[in-house]
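1. quick one, structure for this:
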Amino acid sequence: MTALTVKNLSSAYQKKIVLDSLTFSIEEGTLTGVVGPNGAGKSTMIKAILGLQPKMTGSIEFFNGKLKKLTNHLGYVPQRGAVDWDFPTNVLDVVTMGLYGQIGWFQYPGKKHRQLAFEALEKVNMAEYANRQISQLSGGQQQRVFLARALVQDADLYFMDEPFAGVDAKTEKTIIAVLKELKSKGKTVLVVHHDLQTVPAYFDHVLLLNKQLIAYGPTNETFTKSFLKKTYGGEIHWMGSDQFVESL
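-> As a prediction, the model looks like this:
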């Protein structure tokens with residue numbers, strides 16, 4: 001079964017085409033890195049798929065059309081810079097918000113819900129900060145909190161926008177461990193990613209994007225010199241087995 005099918009997706013920002021006729025299908029149970037240069041439309045693509053960004057054309061289908069009510073089945077981790085971290089709430093409450101699709105927005109979370117939120121914090125090594133105000137956290141800690149909020153949903157399909165951006169090595173290690181655990185449980189994860197050196201180690205599939213879809217498929221078949229050259233236009237160096245070895 002495919003987890004996500006995108007057909008002829010186009011989107012514009014201030015009358016400028018950002019995404020141009022994207023068509024692809026994401027296989028269920030895969031961990032996909034979404035890769036491309038700045039301005040390629042990676043974040044816009046995720047937002048358009050989730051209905052957070054208007055689309056000009058196209059259709060989106062989840063799990064072969066079998067998934068109609070999406071609230072409890074889709075998880076989203078936005079870019080850290082898009083979040084108001086000065087909002088007066090603590091870490092545990094932020095994670096508990098991930099359960100509101102199950103609880104109901106006008107119902108108060110019970111002990112069971114808060115326990116689930118606490119367990120999600122434990123998975124990202126943030127349980128000791130449960131009562132800390134979110135504004136008092138470091139960038140890496142904030143990212144782990146939002147990862148926990150997505151985890152507590154127990155979604156089937158996750159979208160994560162630059163979860164590794166600006167985090168320390170400890171947080172990066174925690175995030176990739178969680179992503180691989182999700183995959184092992186049959187979850188499907190799409191991750192906007194910028195570090196080309198870690199793509200082969202982190203993702204079993206890769207989607208190369210530069211306003212148009214360049215390629216999508218297994219990493220060992222798709223993350224190649226020729227496809228990267230089409231994606232980046234020769235503005236990077238080709239990464240060999242362990243280092244950059246020649247200019248595109």
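
2. next one, pLDDT for Leu248 please.
-> We have a pLDDT of 50 for Leu248.

3. against which helices or strands is the helix ranked longest in the chain packed?
-> If you go by DSSP state H, the chain has its longest helix at helix 169-184. Under the contact definition 3 or more Cβ pairs under 8 Å, 6 or more residues apart in numbering; DSSP states H and E, helix 169-184 sits against strand 31-35, helix 139-152, strand 188-192. Every C-beta, even on glycine, is put in place using the N, C-alpha and C of the backbone.

4. quick one: closest of these to Phe118.
-> helix 139-152 (9.3 Å; Cβ to Cβ).

5. outside of the closest one, which residues touch it?
-> Residues from elsewhere that reach helix 139-152 (Cβ atoms under 8 Å, 6 or more residues apart in numbering): 75-78, 80, 83, 85, 91, 94-99, 116-117, 119-121, 123-126, 129, 134, 137, 158, 160, 163, 166-168, 170-171, 174-175, 178, 182.

6. residues near Lys16, how many?
-> 7 (other Cβ atoms under 10 Å).

7. same question, Leu19
-> 26.

8. any idea how far it is from Val35?
-> 15 Å (Cβ to Cβ, to the nearest Å).

9. and if you look at Arg144?
-> 23 Å.

10. which strand or helix spans the residue nearest the centre of the chain?
-> The residue lying closest to the centre of the chain (Cα atoms, centre = their mean) is Met160, at 1.4 Å. Secondary structure from DSSP states H and E places Met160 in strand 157-161.

11. and the angle for that strand with helix 139-152?
-> 160 degrees (axes from the mean of the first three to the mean of the last three Cα atoms, to 10 degrees).

12. just checking, what packs against strand 157-161?
-> Right, strand 157-161 is packed against helix 42-49, strand 74-77, helix 139-152, strand 188-192 by 3+ Cβ pairs under 8 Å, 6+ apart.

13. which residues does Phe63 contact?
-> Per Cβ under 8 Å, 6+ apart, neighbours of Phe63: 1-3, 28, 73, 156-157.

14. repeat that with 10 Å
-> 1-5, 28, 70, 73, 156-157, 188 (Cβ atoms under 10 Å, 6 or more residues apart in numbering).

15. now, of those residues, which are buried?
-> 2-5, 28, 70, 73, 156-157, 188 (16 or more other Cβ atoms under 10 Å).

16. tell me the strands beside the strand holding Met160, with direction?
-> Neighbouring strands of strand 157-161 in its sheet, by DSSP bridges, are strand 74-77 (parallel), strand 188-192 (parallel).

17. quick one: closest of those to Thr222.
-> Checking the strands paired with strand 157-161 against Thr222 by Cβ to Cβ gives strand 188-192 as the closest, at 14.4 Å.

18. now the closest one: average pLDDT?
-> 96.

19. surely the residue nearest to the centre of the chain is in contact with Leu50?
-> No. Met160 lies out of contact with Leu50 (Cβ atoms under 10 Å); the separation is 11.9 Å.

20. any common contacting residues for the two?
-> With Cβ under 10 Å, 6+ apart as the test, Met160 and Leu50 both reach 76, 78.

21. residues touching Glu162, list them.
-> So Glu162 contacts 34, 42-43, 77-82, 143, 191-194 (Cβ under 10 Å, 6+ apart).

22. buried residues, stretch 125-139. List them.
-> 125-126, 129-130, 134, 137.

23. that older thread, among the helices and strands packed on helix 169-184, show the one with the smallest mean pLDDT.
-> Across the helices and strands packed on helix 169-184, helix 139-152 gives the lowest mean pLDDT, at a mean of 88.
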